[in-house]
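A.B. asks: I'll drop the sequence and a predicted model, then ask my questions.
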Amino acid sequence: MRDVCDTLVALPDATKGRVTIFAKNSDREPNEAQILEFHPRMRHDEGYVKCTYIEVPQVRETYAVLISRPFWMWGAEMGVNEWGLAIGNEAVFTREPYRRTGLTGMDMLRLALERCRTAREAVNLIVELLEKYGQGGNCGYTRRLYYHNSFLIADPGEAWVLETAGDYWAAKRVEGVRSISNALTIGRDWDLAHLELVDHAVEKGWCRGEEDFSFANCYSDRLYTRLVKGRERQRYTQRMLEDRRGSIDLAYVMRIMRSHYSDPDFKPSKGSMRDICMHAGGPTRPSQTAGSQISLLYEKVGVHWFTATSTPCISLYKPVFIEAGLPDLGPEPKGTYDPRTVWWRHETLHRKLMCSYAKYAGELRRKIEVTERELVKETMDARARYLEGDLSKDSLLELSRNAFKMAEELEKDFIERVKPGSCLNPLFKFYWWRINRQAKFSIHHR
């Protein structure tokens, strides 16, 4: 079981800076590199757009988007557009049948970002796409994996949770704070829903009627939902948000996205499907966090922090502005080792640390946090100056470019210093030997 993720939002009344904060960790297979890319607003003459598996009619104009996607998919795991609309999706496992083709959840996410201005518009569009084309298609990189999708959809003023099971769906507007993971969460208190949501469950014998109906209880596949630990992770992130309601800030959300179930004694070989920052470790834990996003969704000039690399616990979050776009990040990463790419350069450090994490990760994390504090101050100052007209888009782009350079220098320093160490867990060692062999990667790469 793979492709587990965690997404959260805190609305302005729950945050210290009175700004909506959206965040997602995207968990995929260890060699499934994720691409961070920017697409400007564009006019289109073509009649159709080819998504991952099927074509849908193209619109005349698409909005500027900043997305993070698995390298082999058209759709995106997470992203944000020029209007401050941010979306993350989650795999959910349900009793409804899985289609062999259709729009993937990632396709619907990207289409919504390209075509919608608000969270409510995005809910409506995804439902429309779901009803017209259906959701489906293999979402696994090296193995077949089919699932349904839930979405956390946020803009500067409001947020929605949209959960689906085949053709059926329910949506609820967020109040204050909310998180989702790999499990249906909406019971009977939805704000919008498929017209036959309850009747279908009654026909299937999953409940007797409205009095005992719960979307999550009736439609969930209990075995797979339990295996991926989505309920446990969702309860953890929701509790973390509730504990700081009213004073949530960027640093606190970074802490959540970097957390491990066994902190402070975490080791990759002893990781858990309960981890928010996930490290792959074998057949029962085949996913790792391939990328992370945290967005400050201001009404004007949002600030978007992306790792563009795996394992946020040892990655630097870099600031990006849609107004300025992305700096040149080099070639797009694929499924095999390529040191020219941002994603695989970080993997050199990550995989060298695999069996010596306890020795080096603390120091690395402290240096990352010091660098991030400096970056946050510089970035917020730059945003204020840009709003006042004292700073150009080129200056914002240079700030992002420097952040990626800082991350590269920090990684180079530790790559030179880190000794790989010995793995005492033979199954863990063999698992990563096989993963590295598939990627044509050696821990002796520099």
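C.D. replies: Received the coordinates, thanks. Numbers count the residues shown, from 1 in each chain.
A.B. asks: neighbours around Glu416, how many?
C.D. replies: By other Cβ atoms under 10 Å, 8 other residues sit near Glu416. Bear in mind the C-beta positions are built from the backbone N, C-alpha and C, glycine included.
A.B. asks: Next one: it from Gln234, what distance?
C.D. replies: According to Cβ to Cβ, to the nearest Å, Glu416 stands 40 Å off from Gln234.
A.B. asks: check contacts around Ser392.
C.D. replies: Counting by Cβ atoms under 8 Å, 6 or more residues apart in numbering, Ser392 makes contact with Tyr386.
A.B. asks: And the pLDDT at it?
C.D. replies: For Ser392, the pLDDT comes out at 98.
A.B. asks: for Lys270, same thing?
C.D. replies: Lys270 carries a pLDDT value of 89.
A.B. asks: Helix, strand, or coil at the residue nearest to it when sequence neighbours are not counted?
C.D. replies: Nearest residue to Lys270, sequence neighbours excluded (Cβ to Cβ, 6 or more residues apart in numbering): Ser262, at 6.2 Å. Classification of Ser262 by DSSP: H, G, I helix; E, B strand; the rest coil places it in coil.
A.B. asks: Let me see the backbone angles for Ser262.
C.D. replies: Main-chain dihedrals, Ser262, degrees, to the nearest 10: phi -100, psi 10.
A.B. asks: my guess is it meets Met273, correct?
C.D. replies: No. Taking contacts as Cβ atoms under 8 Å, Ser262 lies outside contact range of Met273: 12.0 Å.
A.B. asks: Which of the two has more residues huddled nearby?
C.D. replies: Counted by other Cβ under 10 Å, Ser262 and Met273 do not tie: Met273 has more neighbours, with 21 against 12.
A.B. asks: Let me see the contact set for the more buried one.
C.D. replies: For Met273, the contact set (Cβ under 8 Å, 6+ apart) comprises Val4, Leu227, Val228, Lys229, Arg233, Thr284, Arg285.
A.B. asks: Select, from these, the two members most distant in space.
C.D. replies: Largest separation among those by Cβ to Cβ: Arg233 and Thr284, giving 15.3 Å.
A.B. asks: Which of those two has more residues huddled nearby?
C.D. replies: Arg233 (27 against 9).
A.B. asks: how far away is the closest residue to Glu96 other than its chain neighbours from Pro264?
C.D. replies: Spatial nearest neighbour of Glu96, chain neighbours left out: Gly166 (3.0 Å); criterion: Cβ to Cβ, 6+ apart. Computed as Cβ to Cβ, the Gly166 to Pro264 distance reads 42 Å.
A.B. asks: More neighbours: which of these two?
C.D. replies: Gly166 (19 against 6).
A.B. asks: Could you tell me which residues make contact with the more buried one?
C.D. replies: Neighbours of Gly166 in contact, by Cβ under 8 Å, 6+ apart: Thr94, Glu96, Pro97, Tyr98, Arg99, Gln135, His148.
A.B. asks: can you rerun that using 7 Å?
C.D. replies: Contact analysis of Gly166 by Cβ atoms under 7 Å, 6 or more residues apart in numbering lists Thr94, Glu96, Pro97, His148.
A.B. asks: Make sure the third one is indeed in a strand.
C.D. replies: It stands for Pro97. No. Pro97: not assigned to a strand; according to three-state DSSP it is coil.
A.B. asks: Can you tell me the closest non-neighbouring residue to it?
C.D. replies: Here the residue nearest Pro97, using Cβ to Cβ, 6+ apart, is Gly166, at 6.3 Å.
A.B. asks: what's the answer for Ser26, then?
C.D. replies: By the measure of Cβ to Cβ, 6+ apart, the closest residue to Ser26 outside its immediate chain neighbours is Glu77, 3.9 Å from it.
A.B. asks: got the contact list for the one you found?
C.D. replies: So Glu77 contacts Ser26, Gln34, Ser68, Arg69, Pro70, Asn89, Met106 (Cβ under 7 Å, 6+ apart).
A.B. asks: Secondary structure added to the residues you listed, as a markdown table?
C.D. replies: Listed next are the contacts of Glu77 as a markdown table, based on three-state DSSP:
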| residue | secondary structure |
| --- | --- |
| Ser26 | strand |
| Gln34 | strand |
| Ser68 | strand |
| Arg69 | strand |
| Pro70 | strand |
| Asn89 | strand |
| Met106 | helix |
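A.B. asks: Show me which of these is closest to Arg373.
C.D. replies: Closest to Arg373, out of all of the contacts of Glu77 and judged by Cβ to Cβ, is Ser68, at 23.8 Å.
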